[in-house]
Every structure is written in C-alpha cells, then in structure tokens.
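Enquirer: Got a predicted structure plus its sequence, pasted below:
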Amino acid sequence: MNGAREIPSLSGGGRRTGHLMALRRDPIGLFRRVRAECGDLGHFRLIDRDVVFFSGEKAQETFFRQPDEVFDPQPTSNELMRPIFGEGVVYDAPPEKRREMIRSPALRDSNLRQSAQIIAEETERMAATLGREGEIDLLDFTAELTIYTSSSCLIGRPFRESLTPEFSRKYFELEVGTDAIGYLDSKVNIEAFRVRDRARERLTSLVSGVIRERQAMAEPPRDLLGILLSLKDGETLRYSPSVITGILISTMFAGHHTSAGTAAWTLVELLRAPHLMKRVVDELDGIYADGREVSFQALREIPQLENTVKEALRLHPPLIWLPRTALVDFPVEDFVVPKGTIVAMSTALSNLDPACFSEPERFDPDRFAAPREEDAKHPFAYVPFGGGRHRCLGANFALMQQKAIFSVLLRRFEFELVAPPASYVDNYSAMVVRPKQPFRVRYARRPT
C-alpha cells in the first residue's frame, strides 16, 4: 500500500485454520516464534482473519497509545465474551454504555479502605471454615474467596449473602468458555463452550431466585442488584434476569479471574522459595504486632508482600494476550496494518522480555525494589494489567485485595506444597489463564 513494506509473516500454520491450533495449544510458544521470526511486528492467521502481533517495548507502546477509534477491543472481544456476559452487556454495548457498565464506585481510591475491611472479613470467614490442619486445592479456595470479596465490594453485601459455593463453581466453569476459537466463532460445538453455556444457564437460574426473594421484600436492599431491579418501564423490569445476570457477571469478572489465580500463585511461589516466605511473614508479623486493622494497613506499603504479588503477576499474568481490531489503515514505521486486521500483544511474552527484565524466568521480587525498579523503568513491558486507556481500572483494587488476603492467611496459617515444586504450572487451555489443577497445599494453624 503506497510503497509500504509487507509485514513479515510467521511460517507454518494449517491450510484451513492457519495458526489457530497453535494459539489454542501453546500460545506462548506461538508468540515467541512470531517475535523470533518476524521481529517487533509479525503477521499470522486465524482461519480467515489476519493478526498483526506487536512485541517489544517500543512496538507495545505504539499499540497501547492508540485510541478506540484506531484500535478497538470491542469487535474482537465481543464474539468471545457475548455468551458469557450476555447480549447488550459490556462488549456488546455501545462504547459510552460499556464504560458505564465497567465503572464501579468500589474501584475509586476513596472507597478502597472500606473494601479492604470487607476483604479482610471475608478472608477471616473463609479461614474459619478450615480445621486446625488439612489439605485444600488452593485454586478452589481462592476462587471461592474472591467470588465473595468481589461480590461484596462491587455489588453489595446483601447480594454476597445470597451466594453459595455453587455460584463460585459455576462462575469458574464460565471462564472455561474463553477458548481462543471463540474470537472467531463462539457457537462451535466444543466441550468448553458446552460447559460455558450450562454454567451460564445455571447462574441465570440462581440469580433469578435471588431476584424473586428481593421482589418479595417490603424494603429490598439498595445494592447494585437493588438498583437494577428498581429500573422499570411501567410495571415491567427494564432488564430481564438474563441481562441482570450478565451485568453482575461482568462486574465481578475482572475482580475474580485476576485475583483468584494471582493469590494462588503468590502463595505457591513463596512456598517454592522458603527464604522469601520468611521475609514476607516476618514483615506481616512486624506490621500487625500492635494490633492495627488490616483495612488500614492494606492501603499502605507492605513492600516485601507487594513486590511478591507483582512478581507473581509478572510470571503468571491472567490474560495471555490483548487483541483488538484496527478500525483504520494504520501506518507503523514503514508498514501499514490494514483496516479490519486483529492487532494484539501478549502480556505473558512481554513480562518475560530479557531486554527489560534480568533473568526473566526467575522468581525475584527484588526486581521491583530500588534501585532496580524494573517495572518503573519499562512501563510498556511490565503490563499484567494492560496499558494505555484500557489499563485495568481495578489495578489498585487488585493489589490492595492481595495485601488484605495475605495479611490474614499468612498470619493464621503455615502452608506447604503437596506435590513437587515444578509440577505447579499454568493452564493455557483458555484465554483466561489460571493454575492447572490439582493445585494442592497443606495448611496448619499457626500458634496464637
């Protein structure tokens, strides 16, 4: 186009599916190959869709700085997420309505202390269900815990009190439906989508039951669900139970899938490095020795714990890649990305960039401490929460949540791994990444 060079293309790929199967089976390996063969900008295909992949700090800065009028996440993500959130919710809504749906008052810095108190209380509540010692699947535990914390903080305590462990299990199954093929066709008859659809149907049924209970109350609570139920056109609810379910699911989505996996990995990485575990536990014991509240301290610096969480996020980011759609012909250097192309970058690949992170495969929380501060020196390389205008709105909330959770768990329990350390790995079978189960640990209550 007007003398522009052709973007280098990745070798291989199936005749009919292109590189789709590689994306589904080994996404990190695929992205490594694109960078190795093509450089900062590389092209591959997913069936009949062209993908231009941006990698390296400079190219990623270009990617993140583009407005929605240039690179928009809606056309790419909508097909994948519509069956999960529902029609007319978030990506299936106009941009202004989408921004309104994903903006929660609980994510404002002014409300974080109240959320920290709620998270600490929910963690104590879950901790109370454990005996003096035993064994748990850590991911199951953190997934249930973060359903309760996210629903309490983002929707309201009354809604949280209506939840049972089944809600957590079905929500967890919903995330199975983020198989990569869903970017192209979310109705393909595969097991991941069948699990997703059954879970979505059951969640709608569970929320419908809560709605009926609310409607029978003389003075229903004014949480987010209460507000949605108060919106009527005449005597008819403005939103159906299915749409209300979608709004509630989307509200909790970021606060759940990020936090559950991050909490599980933070603990396992500490258990694989006992000297780091001792540093974190000693730090927490010292901070809370005077009996101060978690809700206050979780908003302040807890440097050893914070850096540990940040390092767990670097090695185990919850999203494999961030795809968007080019809405215009976009020139970059001496190339042109054609309108309609999927454009993407990979958080997982970026966080392992040896040009930005020393010994990138090594778990080393000190890389975030002065004077190294590798995250601050490479803001478009360390991107576990994305970047630019679409950086996760709940990033501060997520870090605070981890500090509140571990301020309780590590002062109440000692933990140890059940399986060999190297057997704890990520599951890349879906675009929402989480630890591969079983992900088991033993626990024992610490002496008072």
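Expert: On my side now, so go ahead. Predicted, not measured: the structure shown is a model, and the values here were computed from it. Numbering: from 1, shown residues only.
Enquirer: list the contacts for E201?
Expert: Contacts for E201 were tallied using C-beta atoms under 8 Å, 6 or more residues apart in numbering; there are none. C-beta: built from backbone N, CA, C; applies to glycine.
Enquirer: typo on my end, it should be S152
Expert: S152 neighbours (C-beta under 8 Å, 6+ apart): 118-119, 122, 160.
Enquirer: how close does M217 get to L138?
Expert: Counting by C-beta to C-beta, to the nearest Å, the gap between M217 and L138 amounts to 37 Å.
Enquirer: Looking at these two, which has the bigger crowd around it?
Expert: Between M217 and L138, L138 has the larger neighbour count (other C-beta atoms under 10 Å), namely 26 against 10.
Enquirer: okay, M101: pLDDT?
Expert: Per-residue pLDDT puts M101 at 49.
Enquirer: that older thread, keep only those of the contacts of S152 that are in helices.
Expert: Taking DSSP state H, the ones among these that sit in helices are 118-119, 122, 160.
Enquirer: and which of those residues is nearest to A128?
Expert: Using C-beta to C-beta, E122 comes nearest to A128 of the ones in helices among the contacts of S152, at 10.7 Å.
Enquirer: Could you verify my assumption that the closest one touches I147?
Expert: No: using C-beta atoms under 8 Å, E122 makes no contact with I147, being 9.6 Å away.
Enquirer: Now do the shared contacts for these two.
Expert: By C-beta under 8 Å, 6+ apart, no residue touches both E122 and I147.
Enquirer: returning to what we had before: quick one: which two of the ones in helices among the contacts of S152 are the most distant?
Expert: Pairwise over the ones in helices among the contacts of S152, using C-beta to C-beta, the maximum falls at I119 and R160, 11.5 Å.
Enquirer: Show me which of these two is the more surrounded one.
Expert: Counted by other C-beta under 10 Å, I119 and R160 do not tie: I119 has more neighbours, with 31 against 20.
Enquirer: contacting residues for the more buried one?
Expert: 149, 152-153, 298, 400-401, 404-405 are the contacts of I119 under C-beta under 8 Å, 6+ apart.
Enquirer: Would you mind putting those into a markdown table with distance to P27, secondary structure and pLDDT alongside?
Expert: Formatted as a markdown table, these follow (distance: C-beta to C-beta, whole Å; DSSP: H, G, I helix; E, B strand; the rest coil; pLDDT from 0 to 100):
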| residue | distance to P27 | secondary structure | pLDDT |
| --- | --- | --- | --- |
| T149 | 29 | helix | 94 |
| S152 | 33 | helix | 92 |
| C153 | 31 | helix | 89 |
| A298 | 33 | coil | 71 |
| M400 | 30 | helix | 91 |
| Q401 | 26 | helix | 92 |
| A404 | 32 | helix | 94 |
| I405 | 28 | helix | 96 |
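Enquirer: Can you get me a residue count around L145?
Expert: The burial count for L145: 24, using other C-beta under 10 Å.
Enquirer: In three-state terms, label it for me.
Expert: Under DSSP: H, G, I helix; E, B strand; the rest coil, L145 falls in the helix class.
Enquirer: Going toward the C-terminus from the helix or strand harbouring F253, what's the next helix or strand?
Expert: Applying DSSP states H and E as the criterion places F253 in helix 241-271. With elements assigned by DSSP H and E, the helix or strand that comes after helix 241-271 is helix 274-287.
Enquirer: Okay, buried residues for that following helix please.
Expert: Going by neighbour count (16 or more other C-beta atoms under 10 Å), the buried part of helix 274-287 is 276-277, 279-281, 283-284, 287.
Enquirer: Identify the residue with the minimum pLDDT among those.
Expert: Comparing the buried residues of helix 274-287 by pLDDT, I287 comes last, at 92.
Enquirer: Please verify my assumption that it contacts Q297.
Expert: Yes: judged on C-beta under 8 Å, I287 makes contact with Q297 at a distance of 5.8 Å.
Enquirer: Between those two, which contacts overlap?
Expert: Joint contacts of I287 and Q297 (C-beta under 8 Å, 6+ apart) are S407.
Enquirer: A199 belongs to a helix, doesn't it?
Expert: Yes: counting by three-state DSSP, A199 is found in a helix.
Enquirer: okay, now it: neighbour count?
Expert: 20.
Enquirer: Tell me who's in contact with it.
Expert: By C-beta under 8 Å, 6+ apart, A199 lies in contact with 170-171, 173-174, 176-177.
Enquirer: and the residue nearest to R434 when sequence neighbours are not counted, how many neighbours?
Expert: Nearest residue to R434, sequence neighbours excluded (C-beta to C-beta, 6 or more residues apart in numbering): G261, at 4.5 Å. For G261, the tally of surrounding residues (other C-beta under 10 Å) stands at 27.
Enquirer: G14 now?
Expert: Residues lying near G14 (other C-beta under 10 Å) number 12.
Enquirer: Can you report phi and psi for it?
Expert: In terms of degrees, to the nearest 10, the main-chain angles of G14 are phi -80, psi 150.
Enquirer: who does it bridge with?
Expert: G18 (DSSP bridges).
Enquirer: Tell me the pLDDT of it.
Expert: The model's pLDDT for G14 equals 93.
Enquirer: what does the one 10 residues further on give?
Expert: The predicted local confidence for R24 comes out at a pLDDT of 94.
Enquirer: Touching, it and T178? I think so.
Expert: No: R24 is beyond contact range of T178, at 11.1 Å (criterion: C-beta under 8 Å).
Enquirer: The residue nearest to R434 and E87, how far apart?
Expert: G261 is 28 Å from E87, by C-beta to C-beta.
Enquirer: By mean pLDDT, which helix or strand of this structure comes out lowest?
Expert: Here the helix or strand of the chain ranked lowest by mean pLDDT, DSSP states H and E is helix 95-102, holding a mean of 53.
Enquirer: Work out which residue lies at the spatial centre of this structure.
Expert: Most central in the chain under C-alpha atoms, centre = their mean is T258, positioned 3.0 Å from the mean C-alpha point.
Enquirer: dump the residue contacts of that one.
Expert: 318, 392, 394, 398.
Enquirer: for F385, same thing?
Expert: By C-beta under 8 Å, 6+ apart, F385 lies in contact with 313, 391-392, 395, 398.
Enquirer: Quick check: of the ones in helices among the contacts of S152, which lies closest to F413?
Expert: E122 (15.9 Å).
Enquirer: Report pLDDT for the closest one.
Expert: So, for E122, pLDDT stands at 96.
Enquirer: roughly how far apart are it and C153?
Expert: Computed as C-beta to C-beta, the E122 to C153 distance reads 9 Å.
Enquirer: Which stretches in the stretch 1-150 of the chain count as helices?
Expert: 20-25, 27-38, 57-64, 73-85, 95-102, 112-127, 138-154 (DSSP state H, counting those that start in this stretch).
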